[in-house]
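>>> Below are the sequence and a predicted model for it; my questions follow.
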Amino acid sequence: MSNCAIVGINWGDEGKGRMVDLVTEGYDVVVRYQGGGNAGHTVINEKGKFALHLLPSGIFRAGVVNVLGNGVALDCESLWTEIQDVAAKGVSVTPENLKISDRASLLLPWHRELDGLEEARLADKKYGSTKQGIAPFYSDKYQKKTVMAGELLYPERLRAHLADLLEWKNLTLERVYGAEPWTMERLMAWVADYGEKIKPYLCDTGAFLRQAQADGKNILFEAQLGALRDLDFGIYPYTTSSNAVAAYAPVGSGLPSAKLDEIIGVVKAYSSCVGEGPFTCEWSGEKADKLREAGAEYGAKTGRPRRVGPIDLVATRYGVQCQGATNIALTKLDVLSYMTEIPICARYEVDGHQTDAFPFPALLPEAKPIETTMPGWNCDISSARKWEDLPEAAQKYVEYIEREIGCHIGYVSVGPEREAIIVR
Ligand code: GDP
């Protein structure tokens, strides 16, 4: 039996989805433990190209049971669309291969609405939310003002609970934002539609996972976003509203006693970031456009152009530490092949001093990147499948990053396809 978490080291979009898709071969269960439908994992395999938002990436493997744990923001609407989308490409999602925790809280339709209203109120001070309702959802969850998915199984109690919440929520909608109030009819119609659709998948996933553990099954924990977007350890307030770090995996999955044997941290060979907030290594102008094009850096959920820059060793080292990574997957090395010199953000300058330490969030806007370069390889590496196939300059780049971040790089990916990977 072994437990493994696959997590992002940076700002998200590191390529976690493709790593989970690859690694699931050796696992029986894949669990998503936090976040909602606000980010996208892109997976390309023999069944096609998929952008997963809430479904665990193990959904493509026969025999793998996928779990949405109690820590996720259960957006029934977005989940249902996703189930339909993958089904249209021949991937069947049934209560046998998808189990949803009855303790996952429901993202209610007003959460999405409130997200949009608050971003509009903030205007040029907005957080860059994907407007999927994640921040209003988690604030309500921690205020105990939403419902658990399992309540769908008890309609009478659910109705009474929702009536209380509706009364409370309308105070905010009407008095704070001057918006239309919700009605019970509209809310119950939503429940009758989407609630009914996800009901067959609900169960006590905690009991399921405990049994899987007792049976010696291999469990994979899948994160959304990266360490720098973690609510507690990231670039607050430009973080997500949940804990993306591996340490939260046992709690958010429903198996609080789980020990993680391996933590695979996913790092991109350069940096990208979606949304607002400090991004010290950011490039602008033509060189940014070129890197964005080469890496096809457009949001999987929103299509927004991502901000890009060179690999940031300061942020990456910090991310590795926050995650407690035991192994690193360095993705998208092929994207850098067009460069004659490979840029690296090696240190920051904060307050006139150079530093290797990732600054406290309030100091980040003043941090300046100190860049160095290494020789490029300037040839196509996308067909490399063994370490020896990589040009020496590419090997040296990987080894340099490995030394600087203090963690073994066990995987190097050179293309988006499942097989475009070197295992070291
Ligand atoms: P995730 O949310 O961390 O899974 O990352 P995303 O799916 O948002 O972004 C990763 C993107 O890079 C996807 O479009 C992948 O298909 C693509 N990708 C992953 N690995 C590689 C790679 O090694 N090379 C190239 N060129 N693309 C890759």
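All right, it came through fine. Not measured: the values here are computed from a predicted model. Residues are numbered from 1 along each chain as shown.

>>> Could you pick out the residues of the stretch 201-350 of the chain near the ligand for me?
By the rule CB under 6 Å from any ligand atom, the part of the stretch 201-350 of the chain lying against the ligand is 300, 331-332, 334-335. Placement of C-beta: from N, CA and C, glycine included.

>>> And these, which two are furthest apart?
The most widely separated members of these are 300 and 334, with 18.6 Å between them, by CB to CB.

>>> With neighbour numbers in mind, choose between these two.
The residue with more neighbours, out of residue 300 and residue 334, is residue 334; 22 against 19, by other CB atoms under 10 Å.

>>> host element of the residue nearest to residue 93 when sequence neighbours are not counted?
Leaving out its chain neighbours, the residue that sits closest to residue 93 by CB to CB, 6 or more residues apart in numbering is residue 83, at 4.7 Å. Using DSSP states H and E, residue 83 maps to helix 76-88.

>>> Export that helix to CSV, keeping only CA atoms.
Provided in CSV are the C-alpha atoms of helix 76-88 (Å, rounded to 0.1, in the frame of the first residue of the first chain):
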residue,chain,number,x,y,z
CYS,A,76,-23.0,20.4,-9.1
GLU,A,77,-23.6,22.5,-12.2
SER,A,78,-20.0,22.6,-13.3
LEU,A,79,-19.5,18.9,-12.4
TRP,A,80,-22.6,17.8,-14.3
THR,A,81,-21.4,19.7,-17.4
GLU,A,82,-18.0,18.0,-17.1
ILE,A,83,-19.5,14.5,-16.7
GLN,A,84,-21.5,15.2,-19.9
ASP,A,85,-18.4,16.5,-21.7
VAL,A,86,-16.2,13.5,-21.0
ALA,A,87,-19.1,11.1,-21.6
ALA,A,88,-19.5,12.6,-25.1
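
>>> can you list contacts of it?
Helix 76-88 has contacts (CB atoms under 8 Å, 6 or more residues apart in numbering) with 36-37, 50, 52-55, 59, 68, 93, 98, 106-107, 109, 132, 194-195, 197-198.

>>> Just the buried subset of those, please.
Neighbour-count burial (16 or more other CB atoms under 10 Å) is assigned, among the contacts of helix 76-88, to 36-37, 50, 52-55, 59, 68, 93, 98, 106-107, 109, 132, 194-195, 198.

>>> Please list the members of these that lie in strands.
Among the buried ones among the contacts of helix 76-88, the subset assigned to strands under DSSP state E consists of 50, 52, 68, 98, 106.

>>> quick check, nearest of those residues to the ligand?
residue 52 (8.0 Å; CB to the nearest ligand atom).

>>> distance of the closest one from residue 30?
11 Å (CB to CB, to the nearest Å).

>>> Please enumerate the shared neighbours of these two.
residue 59.

>>> Which helix or which strand is home to the residue nearest to residue 329 when sequence neighbours are not counted?
Nearest residue to residue 329 in three dimensions, chain neighbours excluded: residue 411, at 3.9 Å (CB to CB, 6+ apart). Here residue 411 sits within strand 409-413, counting by DSSP H and E.

>>> Which elements pack onto that strand?
On a contact count with 3 or more CB pairs under 8 Å, 6 or more residues apart in numbering; DSSP states H and E, strand 409-413 meets helix 16-23, strand 327-331, helix 392-405, strand 421-423.

>>> Go through the shortest one and flag the buried ones.
Within strand 421-423, the residues that count as buried by 16+ other CB under 10 Å are 421-422.

>>> touching the ligand at all, that strand?
No. Strand 421-423 lies out of reach of the ligand by CB under 6 Å from any ligand atom, never closer than 7.5 Å.

>>> what's that strand in contact with?
22, 384-387, 389-390, 410-414.

>>> And the third one, by the same measure?
Helix 392-405 is contacted by residues 267, 269, 311, 313, 316-317, 320, 328, 330, 333, 336, 342, 344, 346, 374-377, 381, 387, 390, 408-409, 412 when judged by CB under 8 Å, 6+ apart.

>>> what's the nearest residue to residue 113 if we skip its chain neighbours?
Nearest non-adjacent residue to residue 113 (CB to CB, 6+ apart): residue 179, at 7.1 Å.

>>> what's that neighbour in contact with, if anything?
By CB under 8 Å, 6+ apart, residue 179 lies in contact with 113, 117, 173.

>>> just those residues now: which is nearest the ligand?
Nearest to the ligand among these, with distances taken as CB to the nearest ligand atom, is residue 113, at 25.5 Å.

>>> Look at the closest one and report its pLDDT.
Per-residue pLDDT puts residue 113 at 94.

>>> what's the neighbour count on residue 64?
19.

>>> circling back to that earlier point, ok, now how distant is the residue nearest to residue 113 from the ligand?
32 Å (CB to the nearest ligand atom, to the nearest Å).

>>> quick one, phi psi at that residue?
The phi/psi pair for residue 179 (degrees, to the nearest 10) reads phi -100, psi 170.

>>> Distance of it relative to residue 291?
41 Å.

>>> what does residue 314 give?
Remark: distance between residue 314 and residue 291 (CB to CB) = 19 Å.

>>> what do you get for residue 196?
46 Å.

>>> likewise residue 381?
Counting by CB to CB - residue 381 and residue 291 are separated by 16 Å.

>>> What of residue 209?
Counting by CB to CB - residue 209 and residue 291 are separated by 41 Å.

>>> CA atoms only for the helix or strand where residue 31 lies, dumped as CSV, please.
Element membership for residue 31, per DSSP H and E: strand 29-32. Provided in CSV are the C-alpha atoms of strand 29-32 (Å, rounded to 0.1, in the frame of the first residue of the first chain):
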residue,chain,number,x,y,z
VAL,A,29,-8.1,5.4,-5.9
VAL,A,30,-7.6,9.0,-7.0
VAL,A,31,-9.0,11.7,-4.6
ARG,A,32,-9.4,15.4,-5.2
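
>>> quick one: the helix or strand just after it near the ligand?
Counting by DSSP H and E, the next helix or strand C-terminal to strand 29-32 is strand 41-45. Yes. Using CB under 6 Å from any ligand atom, strand 41-45 reaches the ligand at 41-42, 44.

>>> For this structure, give the helix that spans the most residues.
Scanning the chain for the longest helix, with DSSP state H as the assignment, gives helix 155-171.

>>> mean confidence score for that helix?
97.

>>> in it, what's buried?
158, 162, 165-166, 169-170.

>>> okay, those residues in a markdown table with distance to residue 222 next?
A markdown table is the format used below for the buried residues of helix 155-171 (distance: CB to CB, whole Å):
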| residue | distance to residue 222 |
| --- | --- |
| 158 | 29 |
| 162 | 30 |
| 165 | 30 |
| 166 | 33 |
| 169 | 31 |
| 170 | 36 |
